[in-house]
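Colleague: please find the sequence and the predicted model below.
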Amino acid sequence: MAARKRGVIARLVTLIFKLVFGFVALSLVMVVLYRFVPPPTTITMLSDANGATRDWTSLDSIDRNMVSAAIAAEDGKFCTHSGFDREAIEEAVRRNAQGGRIRGGSTISQQTAKNVFLWQNGGFFRKGLEAWFTVLIEAIWGKRRIMEVYLNVAETGIGTYGVEAGAQRYFGKGAASLSRDEAARMAAALPLPKKRSVKNPSGFVRRYGNNIARRIRIVQRDGLDACARP
């Protein structure tokens, strides 16, 4: 009986080892592949009942205003952190402990890892996977590629993904010629693209967009977007 029990435990340990090894190997292959090849789709796109319109665009063909707007709105320390903003995470934990709307402390790197490799909802398990993929893309992709992928997979409207499709939808032009105010309005809607209007923004979104537009100047003046430049 004891020998049989040890055999079961040994097989279980072997299975767990194989699963972990397989996951690590697969995740490494995917991250390396997407360093050079655009992700063909994401779980979020596949599960979107409204479909998914996207037009992959290289970072060189996206106006700098949009890059700066994303940094101003989502992650002011994007160029200096290693994937995680400890102060933002601690602040989010503090605010969440006070109750009210749950806030995140995710960086653009974390959001990109989640958008490309994982799903939108989930608890600590998904967060753990998100951290793993964030470490990988920071090490293998670098900041420019992270920003490029982020701006191509982020949801920018109902059934709309990426800033190129968003720019075409809202402004009738490509992402290469977005003005500062247009980029700021798109960035203002990023956290809740299905609920926040880019074309006819409400009072809050309009004010938030104007605030982002002002911060774009600071981002560009202080070189906070330097890591995403050519």
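Modeller: Perfect, thanks for sending it.

Colleague: can you spell out which helices and strands pack onto the host helix or strand of Gln220?
Modeller: Per DSSP states H and E: Gln220 is located in helix 203-221. Secondary-structure packing of helix 203-221 (3 or more Cβ pairs under 8 Å, 6 or more residues apart in numbering; DSSP states H and E): helix 64-74, helix 180-189. (C-beta placed from N, C-alpha, C; glycine too.)

Colleague: just the mean pLDDT for the longest helix seen in the chain, thanks.
Modeller: Longest helix in the chain, counting residues (DSSP state H): helix 2-34. Taken as a whole, helix 2-34 has an average pLDDT of 90.

Colleague: which strands or helices does it pack on?
Modeller: By 3+ Cβ pairs under 8 Å, 6+ apart, helix 2-34 packs against helix 108-117, helix 124-140.

Colleague: try it again with 6 Å
Modeller: helix 124-140 (3 or more Cβ pairs under 6 Å, 6 or more residues apart in numbering; DSSP states H and E).

Colleague: any idea how far the helix it packs on is from the chain center?
Modeller: 12 Å (Cα atoms, centre = their mean, to the nearest Å).

Colleague: buried ones in it?
Modeller: 129-130, 132-138 (16 or more other Cβ atoms under 10 Å).

Colleague: likewise stretch 56-76?
Modeller: 56-57, 59, 62-76.

Colleague: what's the span of it from first residue to last?
Modeller: 24 Å (Cα to Cα, to the nearest Å).

Colleague: kindly report the same for stretch 214-230.
Modeller: Stretch 214-230 end-to-end distance (Cα to Cα) = 23 Å.

Colleague: contacts for that stretch next, please.
Modeller: 67-69, 71-72, 79, 143-144, 147, 180 (Cβ atoms under 6 Å, 6 or more residues apart in numbering).

Colleague: in stretch 197-215, what's buried?
Modeller: Buried, per 16+ other Cβ under 10 Å, within stretch 197-215: 198, 201, 205, 208-209, 212-213, 215.

Colleague: nearest to Asn115, of the helices and strands packed on helix 203-221?
Modeller: helix 64-74 (12.2 Å; Cβ to Cβ).

Colleague: what helices or strands is that closest one leaning on?
Modeller: Packed next to helix 64-74, using 3+ Cβ pairs under 6 Å, 6+ apart, are helix 180-189, helix 203-221.

Colleague: dump those into CSV; add distance to Ala49 and mean pLDDT as well.
Modeller: Conversion of the helices and strands packed on helix 64-74 to CSV gives the following (distance: least, Cβ to Cβ, whole Å; pLDDT from 0 to 100):
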stretch, distance to Ala49, mean pLDDT
helix 180-189, 19, 95
helix 203-221, 24, 95
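
Colleague: out of those helices, which is closest to Leu46?
Modeller: That would be helix 180-189 among those, by Cβ to Cβ, at 22.1 Å.

Colleague: for that closest one, the distance to its chain's centre please.
Modeller: 16 Å.

Colleague: and Met147, how close does it get to Tyr34?
Modeller: 14 Å (Cβ to Cβ, to the nearest Å).

Colleague: what about those two, which has more around it?
Modeller: Met147 (27 against 18; other Cβ atoms under 10 Å).

Colleague: list the contacts for Pro38?
Modeller: Pro38 touches Trp56, counting by Cβ under 6 Å, 6+ apart.

Colleague: let's see 7 Å
Modeller: 56, 152 (Cβ atoms under 7 Å, 6 or more residues apart in numbering).
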